[in-house]
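Asker: Need the 3D shape of this:
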Amino acid sequence: MKLPVMMVFRIRSIGWRERRKRVLRLVVCMMFMLSVTPPARADSAAETCLSVNRDLSLGTRLPRLAARIDAGGPVRIVAIGSSSTVGLWMVRPSLTYPQVMKRELETLWPGMEFEIVNSGRVGDTIPGNIKRFQQDVFAHRPDLVIWQLGTNDIAWGGNMDGVREEIDAGVASLKATGVDLILMDLQYAPQVLASRHHAAMEVIIRVAALQNGVGLFSRFEAMLKSVQAGVPEGALVALDGLHNSRDGYDCIGRLLARAIYTAAQE
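Answerer: Below you'll find the model as predicted:
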């Protein structure tokens, strides 16, 4: 039985439209995947950031971590902080700095098990971090704590009264548990630079780390050196002018892991 010409045309037309929809959906899917997971390039902002900061030091040893490594692990690390620790704007947890750091540590110490606890909270401040120590840090019994602090305390126009005392108290409570500790300072980003308090906060965090004998990971300095080396100012910062971009989180995570590795050998 022959189908009428118009019916044959209609069937073919529907089939063509369906195929076109499928192709378009595939193209959109591929474009999305490429937008969030671009292939690594030798000249990427993250690679330049790593290269110009290859001598970055935490300024201290990490004896507890070193002992855990010598014992064969496992090693538990808690990252506490605000949205920079959460990894705001990243579509997958694997793109956040704590998870990037974990992968790099496992590359540097093949066969060693690293457990990362992400205790970041969007919008948190130094007092808020400290209030969460018992539940979000101590309860996990970590070997190493990375405390990312200070950005929200200045970005929203807060004053600096009592900040140094708060940081010292927080550091003292963390050290009392016997953990190794690293302070992570502000990001080099437009919204941070717009605060009149950013320079003072940088000094406070740096001096607190030095005088309390804990590590300092200066992402402010790392990002600034990258820009000075030719990385476009927006390459390591998200469109909001505050949080890190994917390249920014990638560099921070890998750079921190390498600094940890070096400190554990000292």
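Asker: use CA for all of it now, contacts and neighbours both
Answerer: Noted.
Asker: Neighbours of residue 265, how many?
Answerer: Other residues within reach of residue 265, judged by other C-alpha atoms under 10 Å, total 11.
Asker: Now the phi/psi pair for the closest residue to it other than its chain neighbours, please.
Answerer: Using C-alpha to C-alpha, 6 or more residues apart in numbering and skipping residues adjacent in sequence, the residue nearest residue 265 is residue 66, 7.1 Å away. Backbone torsions of residue 66, given as degrees, to the nearest 10, read phi -60, psi -40.
Asker: do the same with residue 159
Answerer: phi -90, psi 170.
Asker: what does the model give it for pLDDT?
Answerer: Residue 159 is assigned 76 on the pLDDT scale.
Asker: That one: what's it in contact with?
Answerer: If a contact means C-alpha atoms under 8 Å, 6 or more residues apart in numbering, then residue 159 has 153, 197 as its contacts.
Asker: try 6 Å
Answerer: For residue 159, no contacting residues are found, by C-alpha atoms under 6 Å, 6 or more residues apart in numbering.
Asker: Around residue 89, count how many other residues there are.
Answerer: Here the count is done by other C-alpha under 10 Å, and residue 89 has 17 residues near it.
Asker: err, residue 213, not the other one
Answerer: Using other C-alpha under 10 Å, residue 213 is surrounded by 16 other residues.
Asker: Check residue 230 too.
Answerer: Using other C-alpha under 10 Å, residue 230 has 11 neighbouring residues.
Asker: any idea how far it is from residue 222?
Answerer: Note on residue 230: its distance to residue 222, by C-alpha to C-alpha, to the nearest Å, is 13 Å.
Asker: sorry, back to before: and the residue nearest to residue 265, how far is that from residue 75?
Answerer: With C-alpha to C-alpha as the criterion, residue 66 and residue 75 are 10 Å apart.
Asker: Then residue 119?
Answerer: Relative to residue 75, and taking C-alpha to C-alpha, residue 119 is found at 16 Å.
Asker: do residue 81 as well
Answerer: Per C-alpha to C-alpha, residue 81 is found 20 Å from residue 75.
Asker: neighbour-wise, which of the two wins?
Answerer: Remark: of residue 81 and residue 75, residue 81 carries more neighbours, 29 against 20, as counted by other C-alpha under 10 Å.
Asker: ok, now which ones touch that one?
Answerer: Counting by C-alpha under 6 Å, 6+ apart, residue 81 makes contact with 120, 147, 148, 149.
Asker: is it in a bridge, and if so with what?
Answerer: Counting by DSSP bridges, residue 81 is bridged to residue 120.
Asker: Just the pLDDT for it.
Answerer: Here, the pLDDT recorded for residue 81 equals 98.
Asker: Distance check, it against residue 111.
Answerer: Distance of residue 81 to residue 111, computed by C-alpha to C-alpha: 28 Å.
Asker: could you pull out the helices for the stretch 151-266 of the chain?
Answerer: In the stretch 151-266 of the chain, the helices defined using DSSP state H, counting those that start in this stretch lie at 151-155, 163-175, 190-193, 198-212, 219-228, 246-265.
Asker: These: which one's closest to residue 104?
Answerer: Among the helices of the stretch 151-266 of the chain, the nearest to residue 104 by C-alpha to C-alpha is helix 246-265 (5.7 Å).
Asker: and the closest one, average pLDDT?
Answerer: The pLDDT scores in helix 246-265 average 97.
Asker: coming back round to it: any chance of the helices of the stretch 151-266 of the chain in TSV, with distance to residue 52 too?
Answerer: Shown next, in TSV, are the helices of the stretch 151-266 of the chain (distance: least, C-alpha to C-alpha, whole Å):
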stretch	distance to residue 52
helix 151-155	24
helix 163-175	30
helix 190-193	21
helix 198-212	21
helix 219-228	6
helix 246-265	11
